[in-house]
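Engineer: here's my sequence, what's the structure:
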Amino acid sequence: MERIQGFIDSDPTISRTRLSVEVCRWLDWRSPNGKLKGMSCRVALLRLHERGLIILPKAREKPPKRSKHVSQHSSYIEELSSIDCNLDDIRPLEVIK
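Structural biologist: Now for the predicted structure:
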């Protein structure tokens, strides 16, 4: 735990994800397929923090998720919203969700 806290103290801007990668490497903590167990490590680090054994850097705020569908097609939808005609003039129509 001293090594973990020392690492945090040496770089207070480190993300919890980056910290978990380093701790997994130190401990060679891997899943059966050989990948680092980053999520398990983050949970363990949080529990150590909650018990007062280490002081984790503040969690970073995640940007709000944007719908790829809306962001990719929003300008197209705006164009379509200005069409002024009879429905029969633009048939056949297909609605895609």
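Engineer: what strand or helix carries the spatially most central residue of the chain?
Structural biologist: In the chain, the residue lying closest to the centroid (CA atoms, centre = their mean) is residue 62, at 6.5 Å. Here residue 62, judged by DSSP states H and E, is contained in no helix and no strand.
Engineer: any idea how far residue 10 is from it?
Structural biologist: Distance, residue 62 to residue 10, by CB to CB, to the nearest Å: 25 Å. For every residue, glycine as well, the C-beta is placed using N, CA and C.
Engineer: could you do residue 93 as well?
Structural biologist: 62 Å.
Engineer: pLDDT on stretch 4-20, on average?
Structural biologist: Averaged over stretch 4-20, pLDDT sits at 94.
Engineer: give the buried residues for it.
Structural biologist: 4, 7-8, 16, 19-20 (16 or more other CB atoms under 10 Å).
Engineer: over to stretch 31-51?
Structural biologist: Neighbour-count burial for stretch 31-51 flags 36-38, 41-42, 45, 48 (criterion: 16+ other CB under 10 Å).
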